[in-house]
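Peer 1: Let's see this in three dimensions:
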Amino acid sequence: MRIVVAVALHKPSPLPQDALYLPVQAGAALHPPVPGALPDDSGQHISPRNPLYCELTAHYWLWKQSDAEGCGLCHYRRYFTRRPFARSLSGVLGEKEAAALLQDADAIVPFPRLYLIETNASHFAHAHGAAPLALARETVRRQCPAYLPAFDRVMKRRWGRRFNMLIMRRACFNAYSAWLFGILGEVEEQLGSGAQERILGFLAERLLDVWLEHERPRLRQLRVMHTESQHWPRKIAGFLKRKFMTKCK
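Peer 2: Modelled structure (predicted):
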């Protein structure tokens with residue numbers, strides 16, 4: 001099985017040498033070229049909308065350009081790994097490992113994060129306001145009402161997957177991509193010119209779990225390896241500040 005995973009990047013970065021990975025400059029239509037990376041503004045693309053879609057412009061480009069049997073997305077500083085304490089690029093998931101995992105699975109996704117004092121809905125609202133999530137729910141209700149129970153279940157959970165990272169068999173990748181970008185495109189229209197930067201990327205993180213909850217593909221969950229420092233005290237402080245000091249709008 002030939003699998004291609006786009007590594008979304010916006011600056012020169014160390015990259016894995018494994019054939020699984022394809023460096024793709026996200027938002028290439030808006031910025032100078034990154035040496036060694038393929039721009040995401042060729043063929044059918046949404047590259048100019050990168051400020052709203054973040055790494056998803058690379059996802060969209062791969063969906064439209066690649067004919068690989070498996071497709072995926074990761075980040076220049078975040079990769080899947082099967083090694084518990086890996087921190088260097090030598091520990092990233094390789095092509096043979098990914099192919100072996102997809103022999104009896106439809107998708108590789110991150111282990112979820114646990115939010116003891118927040119639901120997915122409240123966590124999003126404290127960080128980004130409640131209105132974009134409400135627009136996403138209404139869009140799901142209009143476009144694909146069968147997904148609405150899954151949407152509501154996911155938003156009540158206290159755990160969720162983040163980063164928009166995945167590796168999927170082609171049929172699964174196609175189905176998910178068509179569903180996701182159909183919803184995000186309508187939400188984008190509703191939000192208009194005053195939309196927060198990166199908001200559609202943040203919504204997509206929640207929508208992946210909605211799609212998985214409804215479709216129930218066979219999953220393999222893997223750890224996400226960060227090649228850069230995580231600054232956990234700052235992250236936790238920000239999480240608590242948003243929870244207890246931010247009014248949801």
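Peer 1: For the biggest helix by length in the chain, which residues meet the burial criterion?
Peer 2: When the chain is parsed with DSSP state H, its longest helix is helix 170-191. Neighbour counts over helix 170-191 (16 or more other CB atoms under 10 Å) mark 170, 172-173, 175-177, 179-181, 183-184, 186-188, 191 as buried. All C-beta atoms are positioned from the backbone trio N, CA, C, and that covers glycine.
Peer 1: List just the nearest of the residues you listed to Ala131.
Peer 2: Closest approach between the buried residues of helix 170-191 and Ala131, by CB to CB: Leu191, at 8.4 Å.
Peer 1: That closest one and Ala134 touch, don't they?
Peer 2: No. In this structure, Leu191 is not within contact of Ala134 by CB atoms under 8 Å, at 11.3 Å.
Peer 1: ok, how many other residues are close to Ser122?
Peer 2: 19 (other CB atoms under 10 Å).
Peer 1: Could you measure from it over to Pro112?
Peer 2: 16 Å (CB to CB, to the nearest Å).
Peer 1: Which strands or helices does the longest helix of the chain pack on?
Peer 2: helix 56-65, strand 70-75, helix 131-143, strand 166-169, helix 199-215 (3 or more CB pairs under 8 Å, 6 or more residues apart in numbering; DSSP states H and E).
Peer 1: what pairs with the shortest one, and is each one parallel or antiparallel?
Peer 2: Yep, that's strand 166-169 we're talking about. If you go by DSSP bridges, strand 166-169 pairs up with strand 70-75 (antiparallel), strand 107-110 (antiparallel).
Peer 1: can you put those in a markdown table and add distance to Phe202 and mean pLDDT?
Peer 2: Formatted as a markdown table, the strands paired with strand 166-169 follow (distance: least, CB to CB, whole Å; pLDDT from 0 to 100):
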| stretch | distance to Phe202 | mean pLDDT |
| --- | --- | --- |
| strand 70-75 | 14 | 98 |
| strand 107-110 | 15 | 98 |
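Peer 1: Let's have the ones you listed in CSV, adding mean neighbour count and distance to Arg2.
Peer 2: Listed next are the strands paired with strand 166-169 as CSV, based on neighbours: other CB atoms under 10 Å; distance: least, CB to CB, whole Å:
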stretch, mean neighbour count, distance to Arg2
strand 70-75, 25, 7
strand 107-110, 23, 15
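Peer 1: could those strands go into a markdown table alongside distance to Pro23?
Peer 2: Below are the strands paired with strand 166-169 laid out as a markdown table (distance: least, CB to CB, whole Å):
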| stretch | distance to Pro23 |
| --- | --- |
| strand 70-75 | 11 |
| strand 107-110 | 19 |
